[in-house]
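Undergrad: coords please:
(one chain, ligands or ions: 1)
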Amino acid sequence: MSIAAGTTRVTMTFDYEGSWGMPHDVPYDLTGTTGRLLELLDRHAARAVFFTVGQLAEQHPELVAEIYGRGHEVGLHGYAHEHMHRLPPHEVAVLRERLRAAAHAVREHTGDLPVGFRMPYLMGPDFYRPDLYAMLRADGYRWISNREIRQPEELFRPDRIGRGMQILDRPAVRGGLLLGLNVPLIVRERPTGGRRPLDGARWLLRRQQPFRRAEGLVEYPLTSPLDCDLLGYPRPAEPSAEADIDYAVQVLTSMYDRAAGHFTLNLHDWIIGTHRRIEVLDRVLAHITASGAAVFHLPGRAS
Ligand SMILES: [Zn+2]
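TA: Next up is the predicted model:
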């Protein structure tokens, strides 16, 4: 697609999973949180991708219909939030049938089959499995967002180094840390299809654009830390410290400013949508839209 010079495509994603993905057995108001998030997105005229757990889509079709009806994209995020990294072949076959059923449930309530997918847990530690990618492609998926990239900003969390993040304004420091934190990616992958061993290093330093996997899916790498990388795994009713909220806003806004043409924002309903953490998203979206250069990009839905 053609985009005007100077614009940044922003792909905002939610792992939309409620208690399926939350590591706490506590009450959670999925409907209320969804409503708050949708209202906030509307207020900023922002559009997002909701990677929905299959069972959630089957049990709460009204939420899926509401999300889609407000102009967002609905993708899938596993069936029951299963870890797919080492799933044996007979279980893959069962999962495939369940995912097909969930995709049809989505279509029943939106009119469209989902074409985007994010694996639960990003399917770490490899973040990529050719047989599952081929399966999704064969089942009609067109894009995926699974490739995690560790960002130097994560080192400066209040409970780690804490202060001094401005040192990352020096390109050599930031670049060196970025490469050091992502050695497995550099060793294992060739994102731009190049044959040279440092293809992955060059791709990282050139700011991690989407790329096409051999199986035909377009991979949208996670180009900023997830909300859980910045804010941990709080219970929905638990507050986050003021310093943590400020830190999350500072990281995401500075990384947006640094993005070259493409930026992904990666969130969970039960983290960013609860307590005062929703303020992080409010402030980040205010920053992004004030830049006047952002275009919200839904890879699988014409906008
Ligand atoms: Zn998840």
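
Undergrad: Counting neighbours, which bits of stretch 196-210 end up buried?
TA: Applying a neighbour-count criterion of 16 or more other C-beta atoms under 10 Å, the buried positions in stretch 196-210 are Asp199, Gly200, Ala201, Trp203, Leu204, Gln208, Gln209, Pro210. C-beta: built from backbone N, CA, C; applies to glycine.

Undergrad: Take those residues and keep only those in strands.
TA: Assigned to strands by DSSP state E, none of those qualify.

Undergrad: Contact partners for Val53?
TA: Under the criterion of C-beta atoms under 8 Å, 6 or more residues apart in numbering, the neighbours of Val53 are Tyr16, Glu17, Gly18, Trp20, Gly21, Leu76, His77, Gly78, Tyr79, Ala80, His81, Pro120.

Undergrad: would TSV of the buried residues of stretch 196-210 with pLDDT be doable?
TA: Converted to TSV, the buried residues of stretch 196-210 look like this (pLDDT from 0 to 100):
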residue	pLDDT
Asp199	83
Gly200	85
Ala201	88
Trp203	86
Leu204	89
Gln208	81
Gln209	87
Pro210	92
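
Undergrad: quick revisit: nearest to the ion, of the contacts of Val53?
TA: Closest approach to the ion among these (C-beta to the ion): Gly21, at 3.6 Å.

Undergrad: Walking through this protein, point out its helices one by one.
TA: Ranges of helices in the chain, per DSSP state H, are 18-21, 30-43, 54-59, 61-69, 89-110, 130-138, 171-181, 183-188, 199-205, 227-231, 242-258, 269-272, 278-290.

Undergrad: Deepest-packed of those helices, please.
TA: A comparison of the helices of the chain by mean neighbour count, using mean count of other C-beta atoms under 10 Å, puts helix 269-272 on top with a mean of 26.

Undergrad: Now do that one: which elements does it pack against?
TA: strand 8-16, helix 18-21, helix 30-43, helix 227-231, helix 278-290 (3 or more C-beta pairs under 8 Å, 6 or more residues apart in numbering; DSSP states H and E).

Undergrad: With mean pLDDT added, can I get those in TSV?
TA: Below are the helices and strands packed on helix 269-272 laid out as TSV (pLDDT from 0 to 100):
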stretch	mean pLDDT
strand 8-16	97
helix 18-21	97
helix 30-43	98
helix 227-231	96
helix 278-290	97
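
Undergrad: so which of the ones you listed gets nearest Thr192?
TA: Relative to Thr192, the nearest member of the helices and strands packed on helix 269-272 by C-beta to C-beta is strand 8-16, separated by 18.2 Å.

Undergrad: what angle separates that closest one from helix 61-69?
TA: Interaxial angle, strand 8-16 versus helix 61-69 (axes from the mean of the first three to the mean of the last three C-alpha atoms, to 10 degrees): 180 degrees.

Undergrad: Give me the nearest residue to the residue most central in space within the chain, chain neighbours excluded.
TA: Nearest to the mean C-alpha position of the chain, by C-alpha atoms, centre = their mean, lies Asn266 at 3.4 Å. Spatially, and ignoring its direct neighbours in sequence, Asn266 is nearest to Leu226 (4.6 Å; C-beta to C-beta, 6 or more residues apart in numbering).

Undergrad: One more: Leu132?
TA: Met84 is the one closest to Leu132 (C-beta to C-beta, 6+ apart), at 6.1 Å.

Undergrad: Of the contacts of Val53, select the buried ones using a PyMOL command.
TA: This is the PyMOL syntax for the buried subset of these, where burial follows 16+ other C-beta under 10 Å:
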select buried, resi 16+17+18+20+21+76+77+78+79+81+120
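
Undergrad: contacts with the ion among the contacts of Val53, please.
TA: Counting by C-beta under 5 Å from the ion, Glu17, Gly21, Pro120 from the contacts of Val53 sit close to the ion.

Undergrad: contacting residues for the last one?
TA: Yep, that's Pro120 we're talking about. Pro120 makes contact with Asp15, Glu17, Gly21, Val53, His77, Gly78, His81, Glu82, His83, Met84 under the criterion C-beta under 8 Å, 6+ apart.

Undergrad: how much space between Ala286 and Asp244?
TA: 19 Å (C-beta to C-beta, to the nearest Å).

Undergrad: Kindly report the same for Pro88.
TA: Note on Pro88: its distance to Asp244, by C-beta to C-beta, is 39 Å.
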